[in-house]
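> Give me a model of this one.
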Amino acid sequence: MGRDRWRTLTRPLGRTFAADDSSPLRCLLELVAMSGLAVAQPVLDVIGNSPDIFVARRAGWADVLLLVLIIVLGPPVVGWVVELLAGLAHRRARHLVHLVLLGTFASLFAIQAVKEMTDFGSKRVLVLGVVLGLGLVVLVMNVRPVRSWLRLFAAFPVVLGVVFICSTPAREVVFADDTAAADVTPSDPAPVVMVVLDELPLGSLLDAEGRVDRTLFPNLARLAGESTWYRNHTAVAPTTVEAVPAVLTGQWPELGRSPTAADHPENLFTLLGDRYSLHVREAGSRLCPAGLCPVRRYGALPRLLRDARDVWTTRARPEPTEEVLDIDVVGALGSDAARATAMTEFTHDLGPSEGAPRLDFLHVFLPHGAWNFLPSGARYVGPHPPMGNFFFSWNGEFAGAAGTL
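Residues are numbered from 1 along each chain as shown. Next up is the predicted model:
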């Protein structure tokens, strides 16, 4: 290709570099718009469909607002700063960095779109996504109306963030009113201890005669022998975020209600909170309002940012994602060892009532799949993955491990 021919092909790009409308502010608007398509929309869409992650992370309103702000403005502002630094060396270097960033965001958006609309393999998705992304950048740089519309589109991720805060279940974290205790006076108040063990099938506790196995579970067998045992009880919902509120409210689950006091104002804690001393440890729910059970913070924002990063990398990679993308709420609640520690601390805190009667409540994700603990309390260790009951079978031989519940 001759030198004159090369100059002819690159002349529009050169005019773009020298255009008067490429001010730093307008470049920022372009990055915000393209980043909104490539980053903000897919991440907020998934997190909005998994609101229980805010409960699991014990997030407050500030955590949610900062998370949305970082997702919407973080990537474009960081890229914009890099542009400005490059511009200190040479103006054309700033425009070159700007084109690279636009091309990157556009390609990432195109990869996600191609993956969702086709059944192509990862290589074809990657190549086609990059080609479409670069084509979009060429169109934006050389057709002024398209570029103007792109800048107007910078409002999209901002509106998306506002809608996320105001119209998704996240609003209950941001704008939640503190639910007050009900004015209820128990006629004969007595100490209450309630423990909810997650995913504990009754059949795993029984012997051949249908009774709690006294050899494997002597304490549970003694409790069943001294109590009223409802052998045929069952949960009314298949998931924790529906079943636990049903247990604590006595009401049937309703689609779209989150496991919070805002959506379940009449529950065990609000009914007894005015007369009882509450000692509550919830996992995966927040039915005890903050006024009765102060929420202990555990650095929610860094963990939420890691969740957002994991969501985005899954969405942006060219490999097909067959299953519905979701966030592992159970995994967000820590390891089995941490849950066992919480259970041990709960039992150590039990004590006689002083003054008002006590309500001690514990919900713990144990045993829960994949059943890492044996009846003795020792932890099961299996190879690849190191889980116990996994896909309806046990992994290998018990290798032995110390640990107690």
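
> Mind checking the pLDDT average for stretch 142-149?
On average, the pLDDT along stretch 142-149 is 85.

> whoops, stretch 219-229 was the one
88.

> And the contacts of that stretch?
Leu205, Arg211, Val212, Asp213, Arg214 (C-beta atoms under 8 Å, 6 or more residues apart in numbering). (Each C-beta comes from the backbone N, C-alpha and C, glycine too.)

> And the helices in the stretch 1-150 of the chain, which stretches?
Here the stretch 1-150 of the chain has its helices, by DSSP state H, counting those that start in this stretch, at 3-18, 24-35, 41-48, 52-56, 61-89, 91-117, 122-142, 144-152.

> Most neighbours among the contacts of stretch 219-229, which one is it?
Val212 (20 neighbours; other C-beta atoms under 10 Å).

> mind checking pLDDT for it?
Looking at Val212, its pLDDT is 88.

> which residues of the stretch 51-200 of the chain score low on pLDDT?
Within the stretch 51-200 of the chain, the set of residues satisfying pLDDT under 70 comprises 51, 168-183.

> still on that earlier bit, the contacts of stretch 219-229: which two are farthest apart?
Leu205 and Arg214 (10.6 Å; C-beta to C-beta).

> need the contact list for Arg358.
Pro191, Val192, Tyr276, Ser277, His279, Gly351.

> Please list only the buried members of these.
In terms of neighbour count (16 or more other C-beta atoms under 10 Å), the buried residues within the contacts of Arg358 are Val192, Tyr276, His279.

> circling back to that earlier point, is it possible to export the helices of the stretch 1-150 of the chain to CSV including distance to Leu287?
Output for those, formatted as CSV (distance: least, C-beta to C-beta, whole Å):
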stretch, distance to Leu287
helix 3-18, 57
helix 24-35, 37
helix 41-48, 22
helix 52-56, 10
helix 61-89, 18
helix 91-117, 36
helix 122-142, 43
helix 144-152, 44
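
> what about the closest residue to Tyr276 other than its chain neighbours, distance to Thr240?
Nearest residue to Tyr276 in three dimensions, chain neighbours excluded: Leu359, at 4.4 Å (C-beta to C-beta, 6 or more residues apart in numbering). Applying C-beta to C-beta, to the nearest Å, the value for Leu359 to Thr240 is 21 Å.

> which stretch among the helices of the stretch 1-150 of the chain comes nearest Leu304?
Of the helices of the stretch 1-150 of the chain, the one closest to Leu304 (C-beta to C-beta) turns out to be helix 61-89, at 5.0 Å.

> Looks like Leu44 contacts Leu67 (just checking).
No - counting by C-beta atoms under 8 Å, Leu44 stays clear of Leu67, with 9.3 Å between them.

> Please report the distance of Asp207 from Pro218.
According to C-beta to C-beta, Asp207 stands 12 Å off from Pro218.

> Roughly how far does the residue nearest the centre of the chain sit from Ala38?
The chain has Ile53 as the residue nearest its centroid, 3.6 Å off, counting by C-alpha atoms, centre = their mean. Per C-beta to C-beta, Ile53 is found 22 Å from Ala38.

> Show the backbone phi and psi for Arg281.
When read as degrees, to the nearest 10, the backbone of Arg281 gives phi -130, psi 100.

> Skip the chain neighbours and tell me the closest residue to it.
Arg281 sits nearest to Leu362 (C-beta to C-beta, 6+ apart), 4.8 Å away.

> From Ala290, how far out is that neighbour?
Noted for Leu362: a distance of 19 Å to Ala290, by C-beta to C-beta.

> the more surrounded of these two?
Set Leu362 next to Ala290 and count neighbours by other C-beta under 10 Å: Leu362 wins out with 21 against 13.

> residues contacting that one?
Leu362 is in contact with Met194, Val195, Val196, Arg281, Ala342, Met343, Phe346, counting by C-beta under 8 Å, 6+ apart.

> Reformat the residues you listed as TSV; add secondary structure.
Output for the contacts of Leu362, formatted as TSV (DSSP: H, G, I helix; E, B strand; the rest coil):
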residue	secondary structure
Met194	strand
Val195	strand
Val196	strand
Arg281	strand
Ala342	helix
Met343	helix
Phe346	helix
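
> quick one, helices of the stretch 301-405 of the chain?
Taking DSSP H, counting those that start in this stretch as the test, the helices found in the stretch 301-405 of the chain are 336-349.

> Name the residues of stretch 45-58 that come out as buried.
By 16+ other C-beta under 10 Å, the buried positions in stretch 45-58 come out as Val46, Ile47, Ser50, Pro51, Asp52, Ile53, Phe54, Val55, Ala56, Arg57, Arg58.

> For the third one, give me the pLDDT.
Looking at Ser50, its pLDDT stands at 72.

> For it, give its distance to Leu304.
Ser50 is 11 Å from Leu304, by C-beta to C-beta.

> ok but His279 is inside a strand, no?
Yes - under three-state DSSP, His279 falls within a strand.

> I'd assumed Ala356 was in contact with it.
No - with contact defined as C-beta under 8 Å, His279 does not count as touching Ala356 (11.4 Å).

> ok so, going back, between the buried residues of stretch 45-58, which is nearest Trp80?
Ile47 (24.2 Å).

> Could you measure from the closest one over to Phe156?
17 Å.

> The strand ranked longest in the chain to helix 336-349, inter-axis angle?
Counting residues, the longest strand found in the chain (DSSP state E) is strand 358-367. Using axes from the mean of the first three to the mean of the last three C-alpha atoms, to 10 degrees, the direction of strand 358-367 lies 160 degrees away from that of helix 336-349.

> Format the CA atom coordinates belonging to strand 358-367 as CSV.
In CSV, the C-alpha atoms belonging to strand 358-367 read as follows (Å, rounded to 0.1, in the frame of the first residue of the first chain):
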residue,chain,number,x,y,z
ARG,A,358,-34.3,-14.2,77.2
LEU,A,359,-34.9,-15.1,73.6
ASP,A,360,-31.8,-16.8,72.2
PHE,A,361,-32.1,-17.4,68.5
LEU,A,362,-29.5,-19.0,66.1
HIS,A,363,-29.8,-19.7,62.4
VAL,A,364,-26.7,-21.3,61.0
PHE,A,365,-26.0,-22.8,57.5
LEU,A,366,-25.2,-26.2,58.9
PRO,A,367,-25.2,-29.0,58.0
